[in-house]
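Trainee: Here is my input; please provide its structure:
(one chain, ligands or ions: 1)
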Amino acid sequence: MTEASFTPRVFSGIQPSGGLTLGNYLGAMKRFVDMQDAGAHETVYCMVDLHAITVWQDPADLQKNTRELAAGFIASGIDPEKSILFNQSRVPEHAQLAWVFNCVARMGWMGRMTQWKDKAGKNAEQASLGLFAYPALMAADILIYHATHVPVGEDQKQHLELTRDIAAKFNHDFGVDFFPITEPVIEGAATRVMSLRDGTKKMSKSDPSDLSRINMTDDADAIAKKIRKAKTDPEPLPSELKGLDDRPDARNLVNIYAALAEVSPQAVLDDHAGQQFGTFKPILAELAVEKLAPIGSEMSRLMADQPEIDRILARGAERAREITEPILAKTYDIVGMVR
Ligand code: AQP
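Mentor: Residues are numbered from 1 along each chain as shown. Okay, the predicted model is just below:
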């Protein structure tokens, strides 16, 4: 089998470990919609609830966050008829393939993952085994679809490289060309949206400070207030990108503007060079409200019909299993399981 024989297929997921943030939206979700609408690939999108429980999740919050995330996918433009949309735990082949990959991946590979080091920190002895094995489950999420392309934010680049290593080692160990060597798709002005309180830290749904992020459920007032309070510096905007090199907070706001307006960061500077943040922030807030508030209201509308969300996810899982069952069966044959 050659790479050319794999169906062009996109897979990506988001954890229901909190509310959807502007970082998830610009770094991932918006690009999921673009890839769906471009029509060049089959698109498979997932709420990765099994990943979420690698750190403690209150069960009631996990259910709420999973449904809210589903509403976020749909409100952002994912059409459950065009894309396959479901939550990971409904498709057991993800976890089954992950076990095989736990036996292919090496401890040393996992130990080098920066997300593991960041999240486990100095307390690795007390971290869950699931958190350590997270990248093997992520590789399984992708490869159980023979996905050829994976749109993600910059923070997932290392996990994608590990996915390629796992696929290559499996193919090599068993003398097959069964799993594709997946291409990461990391592009655009917002591959790494930073915290509004600290431009050197990633915007994250689990950051204890709500002012550090824009939630997709924030209303117009909250969005405007968070941008107004965003950390900046006293300098005006420069005319060239290199003028932002040592100004992470300023750079972050320019990147957010560029991603929302769908222009390059240089084009933002061309229009706003010389402006102080007192002038630029209200313009950014207006743009953010215009683009994000309709998504937030559509999410609330969808959340009011929970049975409909559950029906969409169940149907998505059925469609997903049409792909995953034969790939797991073939994997088990290759590995030598008697069935
Ligand atoms: N700040 C970000 N900028 C750009 N992309 C981002 N992504 C997340 N944060 C940013 C992208 O969103 C997708 C889903 O991420 P995830 O929820 O699976 O996990 P994460 O990267 O760990 O996201 P969070 O918000 O930081 O979650 P917590 O706080 O629970 O760890 C991925 O494609 C990711 O790159």
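
Trainee: Tell me the pLDDT of whatever residue of the chain ends up closest to the ligand.
Mentor: Going by CB to the nearest ligand atom, the ligand is nearest to Gly27 of the chain, at 2.0 Å. To be clear about C-beta, it is placed using only N, CA and C from the backbone, and glycine gets the same treatment. Looking at Gly27, its pLDDT stands at 91.

Trainee: need the contact list for the residue lying closest to Leu22 once chain neighbours are set aside.
Mentor: Of all residues not flanking Leu22 in the chain, Ile214 sits nearest, at 4.0 Å (CB to CB, 6 or more residues apart in numbering). For Ile214, the contact set (CB atoms under 8 Å, 6 or more residues apart in numbering) comprises 21-22, 196, 203, 222-223, 226-227, 288, 292.

Trainee: Assign Ile309 to helix, strand or coil.
Mentor: Put simply, Ile309 is helix when judged by DSSP: H, G, I helix; E, B strand; the rest coil.

Trainee: What number of residues are in the vicinity of it?
Mentor: Number of residues near Ile309 (other CB atoms under 10 Å) recorded here: 21.

Trainee: so it touches Arg67, yeah?
Mentor: Yes: between Ile309 and Arg67 there is a contact at 5.1 Å, judged by CB atoms under 8 Å.

Trainee: now the strands for this protein?
Mentor: Here the chain has its strands, by DSSP state E, at 9-14, 42-47, 84-87, 149-151, 183-185.

Trainee: Now tabulate those strands in JSON lines and tack on mean pLDDT and distance to the ligand.
Mentor: Shown next, in JSON lines, are the strands of the chain (pLDDT from 0 to 100; distance: least, CB to the nearest ligand atom, whole Å):
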{"stretch": "strand 9-14", "mean pLDDT": "97", "distance to the ligand": "4"}
{"stretch": "strand 42-47", "mean pLDDT": "98", "distance to the ligand": "9"}
{"stretch": "strand 84-87", "mean pLDDT": "98", "distance to the ligand": "13"}
{"stretch": "strand 149-151", "mean pLDDT": "95", "distance to the ligand": "7"}
{"stretch": "strand 183-185", "mean pLDDT": "94", "distance to the ligand": "10"}
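
Trainee: Next, work out how far apart Ala60 and Leu69 are.
Mentor: 15 Å (CB to CB, to the nearest Å).

Trainee: Of those two, give the one with the bigger neighbour count.
Mentor: Leu69 (30 against 8).

Trainee: In contact with the more buried one: list those residues for me.
Mentor: Shown in contact with Leu69 (CB under 8 Å, 6+ apart): 14, 16, 20, 47.

Trainee: Surely the first one is in contact with Lys30?
Mentor: No: Ile14 is not in contact with Lys30 according to CB under 8 Å; the separation is 12.0 Å.

Trainee: Among those two, which residue is more densely surrounded?
Mentor: The neighbour comparison of Ile14 against Lys30 (other CB under 10 Å) goes to Ile14, with 24 against 20.

Trainee: Show the contacting residues for that one.
Mentor: Ile14 neighbours (CB under 8 Å, 6+ apart): 20, 24, 28-29, 46-48, 69, 73.
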